[in-house]
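> sequence unknown, structure follows:
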């Protein structure tokens, strides 16, 4: 039996996604751009995004968890999938060898675990200052690291979206580390790092948020196009009388009679309360202010600018990531990754 039509629509502009990858690849200079596709391509869907990126020319894909490999391997060769969290257990090692996905080694314990199983080619993460994952520069001389068959050696910039001396400091540290190990390719840049210039690019860049419409630095604004487009259905309309209240805690009080619409959208769909009062949805270019608090599955909007709207009509949710982040205090990453599973 076919499911009824959903009341939430998420459209991924695949042309814009491909454009963004090509633009970031060009900005990477002599380096090639890969793609961070973890968290279901930042919430926009592996089955939609990965074939688009692959067909645009991308060959290197990065996920966080081993559980993400299966969905990705339906579209790209496992040898082109890197698992950032690495082999935490012997089962991870066995899975890597069976699947062909490549682990990123993050510690001496992981290096020993991989070597002990004759794991073969791997990637290596070096911590140059973010203090998150990665072997310390002082550990690179350890026999377990020296024994690795390293394809990509990488590090991660902590503050590439800022003007700070930390970026140059990490770049210098990474360069010093490269002299201490054998590897095939080097990678340092995330999306924001690409905008720092080609000195940071090395052989491979690893954009994430910018692929999906995020603009972490102003230098990328002319390159990046919006990818996610969101529409929601009106599920009820009514006329408020002066003094009527809307939603939890009666935070909105109607100053005069006004038409309103209840919309199928809430924080279970990634539309959090911080995007509520003071913001608006759109209909044919007209702004429809949000009234009261966002709830789990619904919001209420003022239909005064579009009194002809009826139940079943569709409204647009502003989803230009830099602007939406500024309006809501959410990060561009959060706006995408909290979208939830009810979108059609």
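Ah, there it is. All values reported here derive from a predicted model rather than from experimental measurement.
> Excluding covalently adjacent residues, which one is nearest to the most centrally placed residue in the chain?
In the chain, the centroid-proximal residue (Cα atoms, centre = their mean) is residue 42; its distance is 3.3 Å. Spatially, and ignoring its direct neighbours in sequence, residue 42 is nearest to residue 336 (4.5 Å; Cβ to Cβ, 6 or more residues apart in numbering). Bear in mind the C-beta positions are built from the backbone N, C-alpha and C, glycine included.
> Tell me which other helices or strands the helix or strand residue 299 falls within touches.
Residue 299 belongs to strand 298-302 when assigned by DSSP states H and E. On a contact count with 3 or more Cβ pairs under 8 Å, 6 or more residues apart in numbering; DSSP states H and E, strand 298-302 meets strand 258-264, strand 280-283, strand 286-291.
> any chance of those strands in a markdown table, plus distance to residue 306 and mean pLDDT?
Converted to a markdown table, the helices and strands packed on strand 298-302 look like this (distance: least, Cβ to Cβ, whole Å; pLDDT from 0 to 100):
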| stretch | distance to residue 306 | mean pLDDT |
| --- | --- | --- |
| strand 258-264 | 9 | 97 |
| strand 280-283 | 5 | 96 |
| strand 286-291 | 5 | 96 |
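> mind putting those in a markdown table, mean neighbour count included?
Converted to a markdown table, the helices and strands packed on strand 298-302 look like this (neighbours: other Cβ atoms under 10 Å):
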| stretch | mean neighbour count |
| --- | --- |
| strand 258-264 | 21 |
| strand 280-283 | 20 |
| strand 286-291 | 19 |
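> any chance of the ones you listed in a markdown table, plus distance to residue 113?
Converted to a markdown table, the helices and strands packed on strand 298-302 look like this (distance: least, Cβ to Cβ, whole Å):
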| stretch | distance to residue 113 |
| --- | --- |
| strand 258-264 | 48 |
| strand 280-283 | 51 |
| strand 286-291 | 51 |
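> dump the residue contacts of residue 188.
The contact partners of residue 188, by Cβ atoms under 8 Å, 6 or more residues apart in numbering, come to 154-157, 170-171, 174, 200-202, 205.
> Compute the number of surrounding residues for residue 71.
Other residues lying near residue 71 total 16 when counted by other Cβ atoms under 10 Å.
> now do residue 144
19.
> got it, and residue 277?
Neighbour tally, residue 277, other Cβ under 10 Å: 17.
> Can you tell me how far it is from residue 258?
15 Å (Cβ to Cβ, to the nearest Å).
> those strands in the stretch 151-300 of the chain, which residues are they?
Secondary structure of the stretch 151-300 of the chain (DSSP state E, counting those that start in this stretch): strands located at 185-187, 204-205, 228-240, 245-246, 252-253, 258-264, 280-283, 286-291, 298-302.
> Out of these, which is closest to residue 28?
strand 204-205 (4.5 Å; Cβ to Cβ).
> and for that closest one, what are the contacting residues?
24-25, 28, 31-34, 60, 152, 154, 185-190, 193-194.
> Mean pLDDT per helix and strand in this protein: which one sits at the bottom?
Using mean pLDDT, DSSP states H and E, the weakest-scoring helix or strand in the chain turns out to be helix 321-328, at a mean of 89.
> So which elements touch it?
helix 332-337.
> Check which helices and strands the helix it packs on sits against.
Using 3+ Cβ pairs under 8 Å, 6+ apart, helix 332-337 sits against helix 38-42, helix 321-328.
> what does the average pLDDT come to for the shortest one?
So the one you mean is helix 38-42. Average pLDDT, helix 38-42: 97.
> now it, how far from the chain's geometric center?
6 Å (Cα atoms, centre = their mean, to the nearest Å).
> likewise the last one?
On the basis of Cα atoms, centre = their mean, helix 321-328 sits 15 Å off its chain's mean C-alpha point.
> what angle separates it from strand 228-240?
40 degrees (axes from the mean of the first three to the mean of the last three Cα atoms, to 10 degrees).
> out of everything not next to it in sequence, what's closest to residue 8?
residue 343 (5.0 Å).
> List the contacts of that neighbour.
6, 8-10, 230, 269.
> ok so, going back, spit out the contact partners of the residue nearest to residue 42.
By Cβ under 8 Å, 6+ apart, the neighbours of residue 336 are 42-44, 209, 212, 214, 228, 321.
> Report how many residues lie close to residue 4.
So residue 4, with other Cβ under 10 Å, has 6 neighbours.
> sorry, back to before: could you double-check that the residue nearest to the centre of the chain sits in contact with residue 209?
Yes: in this structure, residue 42 is within contact of residue 209 by Cβ atoms under 8 Å, at 6.7 Å.
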